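A.B. asks: pasted the sequence and its predicted model underneath.
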Amino acid sequence: LIHTSANLGTRANETFILTADRKVYERGLGNYVDLENRRVLISWQFNTTEPDAPKATKTKTRRTTAIPYVENIATGFDVYQWMVTRSAEALQEQLEGKNPLALLFPNRFGAVQKLHSFTDVVIHPVSEQLGWKMPAYFDADGKPLHMYRFSLHSMRDRFGTTAADEWKYSERHLLAEGGWSDPQTVRKFYLGTSDDTHEEVQALQKE
């Protein structure tokens, strides 16, 4: 789930409804993993207020997200080949009645994961095991509160940074792939300037 989120740039509630069944996608109940064309069709995100009726993504338009080649993935995890295997499993689970929507990431009941419960049951315990639970800070009443160094949504930031810095995506590429709502967001977080940028400009001017 982490590798998939980091390399597709999908929001958690878009990732949770990735499906191997195109008919599920056409019914508006999932986002289709199109293995033949090496892409994912993103139109929907899990609706926490009406779980049986996924809502349109924030951009309210369909987008096509490419599945990257393994040579472009720093960890060496082959997202595409994993999806090939997992899609076949999901379709078999669907035939057996265990996973009606042929989801790649169903919960233990074969239904859509809910982000809040998934975070409590999976993400936080794993983060603690990995030492990713940060030191406590305290609210006005002195109650200790904790933050974690990782969240599923932070994988979108990881995707955006990698796509801009390593894959050399342009602003238009990032908008198309990640589905951010406006160019300003992309410029602010992923295509902004730094001290290195200014030094590079100075070097170019001298040349």
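C.D. replies: All right, it came through fine.
A.B. asks: measure residue 65 to residue 147 for me?
C.D. replies: Separation of residue 65 from residue 147 (Cβ to Cβ, to the nearest Å): 29 Å. In short, each C-beta sits where N, CA and C put it, glycine included.
A.B. asks: who's more crowded, the two?
C.D. replies: Taking neighbours as other Cβ atoms under 10 Å, residue 65 and residue 147 compare with residue 65 leading, 21 against 12.
A.B. asks: could you list everything that one pairs with in the sheet?
C.D. replies: Residue 65 has these beta-bridge partners by DSSP bridges: residue 40.
A.B. asks: run through the residues that contact it.
C.D. replies: 8-10, 39-40, 42, 177-179 (Cβ atoms under 8 Å, 6 or more residues apart in numbering).
A.B. asks: how many neighbours does residue 103 have?
C.D. replies: Summarising burial for residue 103: neighbours were counted as other Cβ under 10 Å, giving 26.
A.B. asks: spatially nearest residue to it, not counting backbone neighbours?
C.D. replies: Using Cβ to Cβ, 6 or more residues apart in numbering and skipping residues adjacent in sequence, the residue nearest residue 103 is residue 19, 5.7 Å away.
A.B. asks: and the one you found, what does it touch?
C.D. replies: Applying Cβ under 8 Å, 6+ apart to residue 19 gives the contacts 25, 29-33, 90, 101-104.
A.B. asks: can you confirm residue 123 is in a helix?
C.D. replies: Yes - membership of residue 123 in a helix is supported by DSSP: H, G, I helix; E, B strand; the rest coil.
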